[in-house]
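>>> I'd like to go over a predicted model; first the sequence, then the structure.
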Amino acid sequence: MRSKEQYIEGLSRMKRNLYFDGRLIDRTDELQMDCLNTIGTTFDEAAKPENQDLCTAISHLTGRRINRFTHVHQNTDDLHKKQDMTRMLCQKVGGCIQRCMGIDGTNAIYNVSYEADKQNNGATEYHENFKKWLARFQTEDLVGCCAQTDVKGDRMLRPAEQPNPSAYVRIKERRKDGIVVEGCKLHISEASVADEVLVLPTRALRKEDKDYAVAFAVPGDWDGMKQVVTIHNARLREHYPRGFTMGATDSYLIFDNCFVPWERVFLAGENLHGGACALLFALFHRHSYSGCKPAIGDVILGIAALAAEVNNIHKTEHVRAKLAEIIMTSELGYAAGYTASDLGRPELYVPGLGFVPYGPGSYIPHSIYANVGRCLTGEAVYHESEILCDISGGVTATFPHEKDFANPETGELLLKYTKRNPNIPAEDQAQFWRFLGDILCSASGGIMNVGNYHGGGSPIMEQIAITTQYDIESRKKLVKYIAGMSGGDREALSPVAKKNGR
Ligand SMILES: Cc1cc2nc3c(=O)[nH]c(=O)nc-3n(C[C@H](O)[C@H](O)[C@H](O)COP(=O)(O)OP(=O)(O)OC[C@H]3O[C@@H](n4cnc5c(N)ncnc54)[C@H](O)[C@@H]3O)c2cc1C
């Protein structure tokens, strides 16, 4: 496994294809360092003996110890550990750990490439090629990102109906040695600090959309791919540093006549498998969310409790109710993820068929619970900000800049007039409000909220998944029986029916 330093050194050798604010930048540009330190935590923590069980795994391909972020889940224990590792690491950086898109994309393609080959009766070698790619990904301890979201153009039109044929990434040309792709994936987190970019479809696809059923992996600096990056750093600190400064980046990945050799292509034209791949990545990613969002809830809870304490209102009834609300949302999200892990199987929900065996035997989290957890916690994001705003009062919006605290002419006066709770040092109170300003009132705080709301799919996407997969009909039959209507069935939800249909 690599160290954080080896990871950064590897990025420093990559070609320049990152465009930021009108110029080309290096991957190790100072602006990227907060993000690199954030992902770097996944290397630092995996190297600690006490974290070996949680943050590493044994590869089922090579038998070697690997970073869990490169692992394919072999059983329910792996699913539990992925969730717990995500929560632990997100706590350590105070937000998104940034590395889960790679493991989620990897697990999705691992299963889908197997099924596509099976259906193609040996005419394709997607899965064998993917396994070769994966063995290197694991052995070299690479960081992957996952590029799913297309620009999508007119939201009411399907891919093949769009006036711009490249509104979804598509196969433009098929050659003997590979494919040429065109299009743009957007909002792609940590692509600017990733070794490998995994690309897969964003939605269900019809026969007419087959050229959009494409999955592949290329290095982040691959010829024919440009990255236009947005970098979300916290406000600069000169005098009063934070304990840890998290950073994040997102890229528009523009594929312009980009050639991808067959050994890096894992799906090319199988529309049904393309849709399954979109669904599976979303599912794995929503399961990751049941680790990261509870960790963000841990941070939000700590902030809310401290804000109440600094204001000396922590013993009041309304504060207790708000803290309880944050705890309930976080832990229900965690519990949903825990259940999704526990009920995980090598199965996928197929509309009309229910849960069917899927893939070469690796484990997939239970879809209803992964979606329920993601939706519940995603929808709570802005309400949690409202709670922080309520408890803290207006201070975060107008808190003086740090240089005014460092200035001898104003510093002491500001400490005197910003101090609230007599039992907490004024300097700590000021440091706390600066941090809450980062979360509640800064550009990066705002971006984090949008990401936490939409990342992994907007709440409407989870609601669609839940209502199309949940057995609502049997609930209707049960109620018909209890109400004495015709067509009722008392056994509609018997344990056996529940187990099969859920
Ligand atoms: C910070 C951040 C990081 C992200 N990271 C990644 C990443 O690493 N990889 C990745 O692949 N994606 C990533 N995403 C993308 C994320 O998954 C999407 O933002 C999300 O799926 C919503 O898609 P969209 O932004 O295109 O919104 P839109 O699809 O434009 O949705 C806007 C609204 O339109 C509605 N809508 C859309 N289509 C229809 C329709 N056909 N009928 C009716 N209503 C419709 C939606 O429900 C929603 O209410 C990230 C997003 C953010 C904000």
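Alright, I've got the coordinates. Residues are numbered from 1 along each chain as shown.

>>> can you pull the buried residues of the longest helix along the chain?
With secondary structure taken from DSSP state H, the chain has its longest helix at helix 271-310. Across helix 271-310, burial judged by 16 or more other CB atoms under 10 Å covers 271-301, 303-310. In this view, the C-beta of every residue, glycine as well, is placed from N, C-alpha and C.

>>> cool, and stretch 58-71?
59-61, 66-71.

>>> now do stretch 358-377
358-360, 362-377.

>>> Which ones among these map onto helices?
If you go by DSSP H, the buried residues of stretch 358-377 have 367-377 in helices.

>>> quick one: low-confidence parts of the protein?
Within the chain, the stretches with pLDDT under 70 are 495-502.

>>> Scan it for its longest strand.
The residue-count maximum for a strand in the chain (DSSP state E) belongs to strand 247-261.

>>> Using CSV, write out every CA atom in it.
In CSV, the C-alpha atoms belonging to strand 247-261 read as follows (Å, rounded to 0.1, in the frame of the first residue of the first chain):
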residue,chain,number,x,y,z
GLY,A,247,-10.7,20.6,0.8
ALA,A,248,-12.6,19.3,-2.2
THR,A,249,-12.6,19.7,-5.9
ASP,A,250,-15.0,18.9,-8.7
SER,A,251,-14.4,18.7,-12.4
TYR,A,252,-16.1,19.0,-15.7
LEU,A,253,-14.5,16.1,-17.7
ILE,A,254,-14.6,16.9,-21.3
PHE,A,255,-14.0,14.0,-23.7
ASP,A,256,-13.1,15.3,-27.1
ASN,A,257,-12.4,12.6,-29.6
CYS,A,258,-11.0,10.6,-26.8
PHE,A,259,-9.6,7.2,-27.8
VAL,A,260,-10.0,4.3,-25.2
PRO,A,261,-8.4,1.0,-26.0
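
>>> so what does that strand touch, helix or strand wise?
helix 33-46, strand 178-189, strand 214-219, strand 225-233, helix 443-454 (3 or more CB pairs under 8 Å, 6 or more residues apart in numbering; DSSP states H and E).

>>> Can you give the contact residues for the helix or strand following the last one?
Next along the chain after helix 443-454, taking DSSP states H and E as the criterion, comes helix 459-469. Residues from elsewhere that reach helix 459-469, judged by CB atoms under 8 Å, 6 or more residues apart in numbering: 279, 282-283, 286, 349, 351, 367-368, 371-372, 374-375, 378-379, 453.

>>> switch to 6 Å and redo it
For helix 459-469, the surrounding residues in contact (CB atoms under 6 Å, 6 or more residues apart in numbering) are 349, 367-368, 371, 374-375, 378-379.

>>> cool, and stretch 91-100?
When contacts are defined by CB under 6 Å, 6+ apart, stretch 91-100 is touched by residues 38-39, 41-42, 69, 89-90, 190, 246, 288, 295, 298-299.

>>> What residues does this protein have near the ligand?
101, 145-149, 152, 155-156, 187-189, 250, 450-451, 454-455, 457-458, 460 (CB under 6 Å from any ligand atom).

>>> again, only this time at 8 Å
101, 145-152, 155-156, 185-191, 202, 232, 248, 250, 281, 447-448, 450-451, 453-458, 460-461 (CB under 8 Å from any ligand atom).

>>> of these, buried ones?
Neighbour-count burial (16+ other CB under 10 Å) applied to those gives 101, 145-151, 185, 187-191, 202, 232, 248, 250, 281, 448, 451, 453, 455-457, 461.

>>> Output the buried residues of stretch 58-71 as TSV; include the columns secondary structure.
Converted to TSV, these look like this (DSSP: H, G, I helix; E, B strand; the rest coil):
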residue	secondary structure
59	coil
60	coil
61	coil
66	strand
67	strand
68	helix
69	helix
70	helix
71	coil
